[in-house]
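1. build the 3D model from these lines:
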Amino acid sequence: MSRATEGRVDGSSSWLARIVGELFDRMIQDGFRRDVFAKMPSWMNENPYLTNIQTHSLLVPVGWTPDPDKPEVGTLFGRNILCALDSNRPYFLARGVPEAEVDSWEKNTRLDIESGRVKIFTRFYFCTAQVQHN
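-> A predicted model of the protein is given here:
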C-alpha cells in the first residue's frame, strides 16, 4: 500500500497533499531532480539574453477562496489541479499502482477540492525575466 492509502501523511493533510507526495516519490525514483525548481533562477542567470531575473512565490487557494470578492482565483486553480490530476493517472498505473487505489486517490482528491471541506493552499513558484535585445 502507498503512504496516501495508509495515511502515513499527517492525518490533517488533504488528499491533494497525499497524491502530490505519491507523485513526487515516484518521479524521484524515475530520476526527477528535486532541486530543479530551486535551480531555475541560476539557470536563467546563465542565459546572456535574460535580465532582471526575479523569483516569486504565491500562496494560492485550491477550489475555494478566502476572499469572497474573488472566488474565481480558487475555482480556476482548483480546475487546473483537477486537470493535472487526470493527466497523472496513466503515470501511476504504468508504475504499478493498482487501478482501485488510483481511483480512490482521485475520488478523494476531487471531493476535497470540489467540496471545499478542506481549505487547501498550494505554493506556486515561478521566475520572471526580461529579454535583452541587442
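
2. tell me the spacing between residue 18 and residue 108.
-> 8 Å (Cβ to Cβ, to the nearest Å). From N, CA and C alone the C-beta is placed, and that goes for glycine too.

3. list the contacts of the helix or strand hosting residue 112.
-> Using DSSP states H and E, residue 112 sits within helix 99-115. The contact list for helix 99-115 (Cβ atoms under 8 Å, 6 or more residues apart in numbering) reads 1-2, 4-5, 14-16, 18-19, 22, 62-63, 78, 81-82, 85-86, 89, 92-93, 117-118, 120.

4. ok, now stretch 15-35?
-> By Cβ under 8 Å, 6+ apart, stretch 15-35 touches 2-4, 9, 39, 62, 81, 85, 88, 91-92, 95, 97, 105-106, 108-109, 111-113, 118, 120, 122.

5. keep only those of the contacts of helix 99-115 that are in helices.
-> 4-5, 15-16, 18-19, 22, 78, 81-82, 85-86, 89, 92-93 (DSSP state H).

6. quick one, which of those residues are buried?
-> For the ones in helices among the contacts of helix 99-115, a burial check counting by 16 or more other Cβ atoms under 10 Å picks out 4, 5, 15, 16, 18, 19, 22, 78, 81, 82, 85, 92.

7. can you pull the pLDDT of the residue positioned nearest the centre of the chain?
-> Taking Cα atoms, centre = their mean, the centroid of the chain lies closest to residue 20, which sits 6.2 Å from it. Residue 20 carries a pLDDT score of 86 in this model.

8. and the gap between it and residue 57?
-> In this view, residue 20 and residue 57 are 17 Å apart by Cβ to Cβ.
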